[in-house]
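Sequence and predicted structure, then a few things I'm wondering about:
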Amino acid sequence: MPDFHMIAGGPRPVAPFSHAVEADGWVFLTGQMPTDPAAPDAPLPAGIEAQTRRVMDNLALVLGGVGLGWGDVLQCRCYLTRFDRDFAGFNETYQTFFPADRRPARTTLGLTALAVGALVEVDCIARRPAAGQGGGA
């Protein structure tokens, strides 16, 4: 049976979903917006770099809430509303969350719009390590 996770103190959902769903050690994290969990109605950060950092921080909150870290992430899907303008700035910030030799597989798409007027959204798939194996941060 899958486990449906809502993380205490995690980002407020902008639609009806769980923060993460887990089955057989696979953990599927819902795409996160650049909203501040402590002030969900505050304006979004300005610019792609600040929004990317907030999105990745929100994903880290969800990962931590289920006992995982960036080292457990196997795949990310990234969505940009201003692809041509923001792709380089997004990559510059995104890459700081992963060691150069441990970057997950990734797809990046350009879209016409995202919820809450965001410039960026990222979702990911993680795998819980088998007993006695590494992972985590």
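It's in.

So which residue is dead centre in this structure?
Leu59 (3.6 Å; CA atoms, centre = their mean).

would that residue count as being in a strand?
No. Counting by DSSP: H, G, I helix; E, B strand; the rest coil, Leu59 is not part of a strand but helix.

Who are the contact partners of it?
Counting by CB atoms under 8 Å, 6 or more residues apart in numbering, Leu59 makes contact with 29, 32, 122, 124. Bear in mind the C-beta positions are built from the backbone N, C-alpha and C, glycine included.

Check Arg85 too.
Taking CB under 8 Å, 6+ apart, we find Arg85 in contact with Ile48.

quick check, it in a helix?
Yes. Residue state for Arg85 (three-state DSSP) corresponds to a helix.

So it versus Gly47, what's the distance?
Note on Arg85: its distance to Gly47, by CB to CB, to the nearest Å, is 11 Å.

what does His19 give?
Going from His19 to Gly47 by CB to CB gives 25 Å.

And those two? Which one has more around it.
Taking neighbours as other CB atoms under 10 Å, His19 and Gly47 compare with His19 leading, 22 against 13.

wait, which of the contacts of Leu59 is closest to Ala115?
Ala115 lies nearest to Gln32 out of the contacts of Leu59, by CB to CB, at 10.4 Å.

so the closest one sits right up against Val62, yeah?
Yes. Gln32 is in contact with Val62 according to CB atoms under 8 Å; the separation is 7.1 Å.

intersection of neighbour lists for these two?
Overlap of the contact sets of Gln32 and Val62 (by CB under 8 Å, 6+ apart) consists of Pro11.

ok, the two, which is more surrounded?
Taking other CB under 10 Å, Gln32 and Val62 do not tie; Gln32 has more neighbours (27 against 23).

Per-residue pLDDT of that one, please?
What the model reports for Gln32 is a pLDDT of 96.

Please determine how far it is located from Pro129.
23 Å.

Ala50: what secondary structure?
Under three-state DSSP, the three-state class of Ala50 is helix.

which residues touch it?
Pro34.

measure it to Leu114 for me?
Ala50 is 15 Å from Leu114, by CB to CB.
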